[in-house]
Each structure stands twice: as C-alpha cells, then as structure tokens.
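Enquirer: Build the 3D model from these lines:
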Amino acid sequence: MTDLDTVTTWIAGYVKAWNSNDPEQIGALFTEDADYYTEPYARAWHGRQGIVEGWLAIKDEPGAATFEWHPVSVTGDVAVVQGITVYSDKTFSNLWVIRLAADGRCREYTEWWMEHPRE
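Expert: Here you go, the predicted model:
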C-alpha cells in the first residue's frame with residue numbers, strides 16, 4: 001500500500017543516499033528485482049545491484065544539488081511527485097513515478113527530467 005507517509009519516508013531515504021552515495025543506503029531503497037528508469041524509454045537498471053552500479057556510475061558529489069518536491073498523486077499502487085533539482089550551474093524540473101512494494105521499498109522508478117533554459 002502506497003500512502004503519502006510511505007512516499008515521504010522513501011524520498012527522504014533517496015535524498016540521503018543521493019547525498020552520501022553509500023551503496024548500502026542506495027540498495028536499501030529498492031527491492032531485489034526493482035527496475036530504475038533514468039528516462040522513460042531508457043533501458044532500466046535492473047535489480048538492486050544493477051541500480052547501485054548505475055547510480056554510482058553517474059553519481060553527483062554530495063551536496064552538489066538541492067531537491068524540493070511535492071506529491072501530484074498518491075494511490076495504493078503508485079506515487080507521482082514533481083520536483084525541482086538545483087545545481088550551482090543548472091536547474092531541472094523532475095517528474096518521478098514511484099511504485100513501492102508493501103515493505104516501502106521501490107519496485108519500479110521512472111524519472112522524467114527537463115533542464116530549465118538558461119537566461
């Protein structure tokens with residue numbers, strides 16, 4: 001069952017892992033057979049180990065970005081959240097589709113992102 005409290009807890013864990021790049025923290029977010037799509041039509045990083053490896057291959061340095069989010073829709077099966085990621089030199093709008101397992105770990109994650117135009 002996906003509810004706002006579970007989604008909020010998961011995203012807090014995601015941001016913590018984002019800022020640590022700790023393989024255990026990253027892996028703890030996902031089920032053993034999870035799929036992580038960095039873009040809707042990209043090939044998924046499959047499985048906890050594949051997700052950790054993919055994440056670390058393109059990791060941000062800890063503290064390199066800030067992230068704010070709000071829920072768009074949270075149902076029993078899926079959460080959709082909208083976020084803003086701000087780096088020192090660029091800003092992105094994000095749309096995340098998160099499917100959580102009953103234990104609160106993610107079983108499927110898909111991200112849409114778009115860089116803001118530079119002024």
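Enquirer: Next, work out how far apart the nearest residue to W45 once chain neighbours are set aside and D35 are.
Expert: Closest residue in space to W45, ignoring its immediate chain neighbours: G54 at 3.6 Å, by C-beta to C-beta, 6 or more residues apart in numbering. Where you see a C-beta, it was placed from the backbone N, CA and C, and this is true even at glycine. According to C-beta to C-beta, to the nearest Å, G54 stands 11 Å off from D35.
Enquirer: and if you look at V86?
Expert: Distance from V86 to D35, by C-beta to C-beta: 27 Å.
Enquirer: Between these two, point out the one with more neighbours.
Expert: D35 (19 against 14; other C-beta atoms under 10 Å).
Enquirer: isn't there a strand covering that one?
Expert: Yes: remark: D35 belongs to a strand, assigned using DSSP: H, G, I helix; E, B strand; the rest coil.
Enquirer: Lovely, talk soon.
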